[in-house]
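S.K.: mind looking at a prediction? Sequence and model below.
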Amino acid sequence: MTDRITLTGLRAHGRHGVYDFERAQGQDFVVDAVLELDLVPAAVSDEVADTIHYGELAERLVEVVTGEPVNLIETLADRLLAVCLADARVHTATVTVHKPAAPVPYAFTDVAVTMTRTRVR
């Protein structure tokens, strides 16, 4: 599959982390999602119903980030993948969760976890 929908840099405030202050204060998380699916039906019909509506996808992903806190961004990424794969048209999804304000006592640009799942047919 070479067709992809990519949503990059989706930012939302969540309360994920292993430390109490992360849960209390929260922080911004940044999500990138890549969905692999057949986009020919949408290209032919020119109808949004024949593709993944990226605005609705963004809304569902933000609901997860702003929802129930988890300790690990690995767990958060897994929950975001479930959202991406909820539509049966998606063959493979890759999600990266960035935690740019992670409590690391050294200068760094970003901490991220990337996970990919392929639908079993």
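M.R.: Yep, it's here. Residues are numbered from 1 along each chain as shown.

S.K.: in the helix or strand bottoming out on mean pLDDT in the chain, what counts as buried?
M.R.: The weakest-scoring helix or strand in the chain, judged by mean pLDDT, DSSP states H and E, is helix 20-25 (a mean of 94). For helix 20-25, burial by neighbour count (16 or more other C-beta atoms under 10 Å) applies to residue 22. C-beta here means a position set from N, CA and C on the backbone, and glycine is covered the same way.

S.K.: name the nearest residue to residue 52, ignoring sequence neighbours.
M.R.: residue 5 (5.4 Å; C-beta to C-beta, 6 or more residues apart in numbering).

S.K.: what about the one you found, distance to residue 61?
M.R.: Distance of residue 5 to residue 61, computed by C-beta to C-beta, to the nearest Å: 13 Å.

S.K.: cool, and residue 95?
M.R.: 8 Å.

S.K.: what residues do these two have in common as contacts?
M.R.: 31, 33, 80, 84 (C-beta atoms under 8 Å, 6 or more residues apart in numbering).

S.K.: which stretches in this structure count as strands?
M.R.: 4-14, 27-37, 90-98, 112-118 (DSSP state E).

S.K.: wait, which of these is closest to residue 56?
M.R.: Among the strands of the chain, the nearest to residue 56 by C-beta to C-beta is strand 4-14 (11.0 Å).

S.K.: so for residue 95 and residue 61, which residue has more residues nearby?
M.R.: residue 95 (26 against 20; other C-beta atoms under 10 Å).

S.K.: gap between that one and residue 74?
M.R.: Taken as C-beta to C-beta, the span from residue 95 to residue 74 is 11 Å.

S.K.: overlap in contacts of the two?
M.R.: residue 115.

S.K.: give the residue spans of the protein that score low on pLDDT.
M.R.: For the chain, the stretches flagged by pLDDT under 70 are 1, 121.

S.K.: ok, residues contacting the least confident helix or strand of the chain?
M.R.: 15-17, 69, 103.

S.K.: mind saving the C-alpha coords of it as PDB?
M.R.: Extracted in PDB, the C-alpha atoms of helix 20-25 (Å, rounded to 0.1, in the frame of the first residue of the first chain):
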ATOM      1  CA  ASP A  20       2.600  13.500  40.300                       C
ATOM      2  CA  PHE A  21       3.500  17.000  39.000                       C
ATOM      3  CA  GLU A  22       3.000  15.800  35.400                       C
ATOM      4  CA  ARG A  23      -0.500  14.700  36.300                       C
ATOM      5  CA  ALA A  24      -1.200  17.900  38.200                       C
ATOM      6  CA  GLN A  25       0.200  20.400  35.800                       C
END
